[in-house]
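# quick one: sequence and predicted model below, then my questions.
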Amino acid sequence: MQMSLGEQLRLTLYGSSHGPHVGAMLHGLPKGIVLDENGLKTAMNMRKPGGPYSSQRKETDEVLWLSGLENGISTGETVECRINNSDVRSKDYGFLPDHPRPGHQDMVMMLKTDGKADLRGGGTSSARMTAPLVAIAALLRPWMAKKGVAFRAHVGAIGTVEARPLEECPLTLESEASQHMRCYDPVAAQTMTELITSYRKQRDSIGSRVDLVVSGLPLGVGEPWFDGLEPALARAMLSIPAARGVEFGHGFGVQTMTGSEHNSAWGGTSDAPVMEGERPDGALAGLSTGSPVQVSVAFKPPSSIPQSQMTLNMKTNQQEPLTVKGRHDPVLAPRAVAVVEAMAILVVSDLMIRGGFLDE
């Protein structure tokens, strides 16, 4: 199965949720890139479960660098990292493969692989696979920062609770609720915690959204058509488990706008052109404009919920009640913040190499 992303800088994932480990390999990284250990720790802590509003699966997520780094500096060879799975509880999935869960990949993956797939915890489709992806992106992030490119995301919405845009929020996660929700708007974050608690009491889950801003891109990052900045980012974002929609800039709001409202004039000078207006597009025709790239990613409510649902039993050929046990998230966006940032870092790094914006 295809588990790779990127062209010049190519990431390949391997492993599974309840196997011995998950890992990633990165091809094409130049030598001399320095790993920021603190940045790595921060990114892994943002992604991993265990908080009061997430799955109680407790993984240390210690990143083992197997190749491509020497004393924390890239050697130019293929980088490989691995993260061991230490807190699996496979008995929670004893109903598989006979009784596939509604809303999950169990049925389609079982049929695609003639019953050979490891379905426990979602197998290769699990969000557990994002752990090494986040680790690799943490290696790249300081490299991008040296080029002036910054990535900042937070939980933009949970259910009907909307956070303020990132540019209007504090620069740090100031409150305890903000830290748990990964939301820079402390007022919205508190309301989000109350909403999640109410759905948990109902043994249900709720949908959510992550908002991302990529700033500092030079003009012209992106390739024509299918590898344009937005298409490349959209493909990566929609590959995140449970992602259901991606918007750029004004998003679907453009359907009610006129051209005169949406168009952003060019200002500045011929040597340093700048887009003007409110929320100008960060990319045109797949090429970065120099304005911030605004991205929103919507996530469906988690499918594993601790209430009885009717679904097909493959042995009896009858719909029968299934109650999914185990440790599952009631909402996905808080843990997805780190993953959305990581996907953007990977895509932008690859496109900047391809466009000649990075010195090797």
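Yes, it's here. Residues are numbered from 1 along each chain as shown.

# what comes up buried for stretch 28-37?
Residues of stretch 28-37 classed as buried: 28-29, 33, 35-36 (neighbour count, 16 or more other C-beta atoms under 10 Å). To be clear about C-beta, it is placed using only N, CA and C from the backbone, and glycine gets the same treatment.

# ok, the nearest residue to Met3 once chain neighbours are set aside - contacts?
Across the structure, with C-beta to C-beta, 6 or more residues apart in numbering as the measure, the residue nearest Met3 apart from its sequence neighbours is Leu13 (4.6 Å). Residues in contact with Leu13, defined by C-beta atoms under 8 Å, 6 or more residues apart in numbering, are 3-4, 22-24, 124, 129, 132-133.

# equivalent analysis for Met144, please.
By C-beta under 8 Å, 6+ apart, the contact list for Met144 reads 150-151, 345, 348-349, 352.

# name the nearest of these relative to Pro100.
When the contacts of Met144 are compared for distance to Pro100, the smallest value, 34.4 Å, is given by Ile345; criterion: C-beta to C-beta.

# what's the separation between that closest one and Met352?
Taking C-beta to C-beta, to the nearest Å as the measure, Ile345 and Met352 are separated by 11 Å.

# Leu166 reaches Val213, doesn't it?
Yes. At 5.3 Å, Leu166 and Val213 qualify as touching, with contact defined as C-beta atoms under 8 Å.

# just for the stretch 101-250 of the chain, where's the confidence low?
In the prediction, the stretch 101-250 of the chain carries residues with pLDDT under 70 at positions 116-125.

# apart from its neighbours in sequence, what residue is nearest Leu5?
If you skip the residues right next to it in sequence, Leu5 has Leu11 as its closest partner in space, 4.9 Å away by C-beta to C-beta, 6+ apart.

# if I look at the one you found, how far off is Gln307?
Note on Leu11: its distance to Gln307, by C-beta to C-beta, is 37 Å.

# which of those two has more neighbours?
A count of neighbours by other C-beta atoms under 10 Å puts Leu11 above the other of Leu11 and Gln307, at 27 against 12.

# now do the same contact list for Val293.
Val293 makes contact with 212-215, 217, 229, 233, 248, 282-283 under the criterion C-beta under 8 Å, 6+ apart.

# still on that earlier bit, which of the contacts of Leu13 count as buried?
Buried, going by 16+ other C-beta under 10 Å: 22-24, 124, 129, 132-133, out of those.

# which single one of these is nearest to Ser178?
For Ser178, the nearest member of the buried ones among the contacts of Leu13 is Leu133. The distance, counting by C-beta to C-beta, is 24.3 Å.

# wait, a helix at that closest one?
Yes. According to DSSP: H, G, I helix; E, B strand; the rest coil, Leu133 belongs to a helix.
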